[in-house]
Each structure stands twice: as structure tokens, then as C-alpha cells.
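[1] just need the structure, nothing else, for what follows:
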Amino acid sequence: QVQLAESGGGLVQAGGSLRISCAASRPFHNYVMGWFRQAPGKEREFVAYIDALQRDTRYSDSVKGRFTISRDNSKNTLYLQMDSLRPEDTALYFCAACVRDCMEFTANLSHYGYWGQGTQVTVST
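    The predicted structure is shown next:
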């Protein structure tokens with residue numbers, strides 16, 4: 001079992017940048033990781049994915065080219081660099097560890113078994 005804690009959220013103007021982090025409670029180099037987000041009144045959605053060795057990254061169409069997922073396994077930390085932020089990026093952002101069907105890319109929320117509490121990102125116009 002691994003506990004996850006997100007940090008780094010905040011208020012930023014449209015067009016700005018923000019980097020959020022996710023700290024794992026123990027070594028997480030064997031876990032495939034993902035970032036998800038949930039806006040008010042909407043379902044939680046996939047944002048980005050990274051495999052255990054950082055050889056494969058995937059993004060939702062809405063953030064591709066603007067967001068970058070990375071990890072530092074020596075620090076047990078996952079990152080999401082968010083550039084060219086838009087008001088529609090406003091949401092609660094969650095990191096999660098994949099626990100089922102993780103051998104290939106998955107954006108399925110049900111495959112992720114460990115979740116953090118989330119960090120709020122608000123983008124103003």
C-alpha cells in the first residue's frame with residue numbers, strides 16, 4: 001500500500017504556469033502513475049500517465065502539448081508541469097497509482113487503486 005499527497009496547487013492567471021507534485025509515502029518505482037482532475041459538477045477525468053521507468057507518457061487531448069508529466073523515483077515524487085493554463089483547466093487535481101491492468105497504458109479510473117486527496121488549481125481570466 002502507498003499513500004499519496006499532492007501539493008503545489010493555487011491560483012494562476014490564464015496563460016501562466018504551475019507545477020504540482022505528488023509525494024509517495026514509500027518507494028513507488030514499481031507503480032505506473034497517473035494524474036486526474038475533477039471540475040465542479042463534472043466527473044473525474046484522465047489527464048496524464050507515466051509508466052514506471054518514464055519511457056512512456058500519455059496525455060488527454062485537452063492538455064497535450066501544454067502539460068508534462070514526470071517522476072523522480074529517487075525522491076518518490078510525481079510531477080505535473082502545467083503551461084499555457086486556461087480557465088477550463090480549473091479543477092481539483094489528483095495523483096493515483098495503478099493497481100490493475102497496468103502493463104499497458106490505461107486511462108481507466110477503476111484501474112487506479114491509490115489516490116491522493118487532491119490539490120486545487122484555479123485559473124483566472
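
[2] got phi/psi on Gly116?
    Phi and psi for Gly116, reported as degrees, to the nearest 10, are phi -80, psi -180.

[3] compute the number of surrounding residues for it.
    21 (other CB atoms under 10 Å). Heads up, the C-betas are built off the backbone N, CA and C, glycines and all.

[4] distance check, it against Asn108.
    Separation of Gly116 from Asn108 (CB to CB, to the nearest Å) stands at 18 Å.

[5] so which residue is smack in the middle of this structure?
    By CA atoms, centre = their mean, the chain has its centre lying nearest to Trp35, at 2.1 Å.

[6] which parts of this structure are strands?
    Here the chain has its strands, by DSSP state E, at 4-7, 10-13, 18-24, 33-38, 45-50, 57-59, 67-72, 77-82, 91-98, 112-115, 119-124.

[7] and stretch 15-34, which residues are buried?
    Leu18, Ile20, Ser21, Cys22, Ala23, Ala24, Phe28, Tyr31, Val32, Met33, Gly34 (16 or more other CB atoms under 10 Å).

[8] ok, the third one - contacts?
    If a contact means CB atoms under 8 Å, 6 or more residues apart in numbering, then Ser21 has Glu6, Ser7, Gly8, Thr77, Leu78, Tyr79, Leu80 as its contacts.

[9] change it to 10 Å
    The neighbours of Ser21, taking CB atoms under 10 Å, 6 or more residues apart in numbering as the test, are 5-9, 72, 75, 77-80, 95, 119.

[10] what pLDDT does it get?
    With respect to pLDDT, Ser21 scores 98.

[11] by neighbours, which of the contacts of Ser21 wins?
    Cys95 (30 neighbours).

[12] for the residue lying closest to that residue once chain neighbours are set aside, name its beta-bridge partners.
    Spatial nearest neighbour of Cys95, chain neighbours left out: Cys22 (3.4 Å); criterion: CB to CB, 6 or more residues apart in numbering. Note on Cys22: beta-bridge partners by DSSP bridges are Glu6, Leu78.
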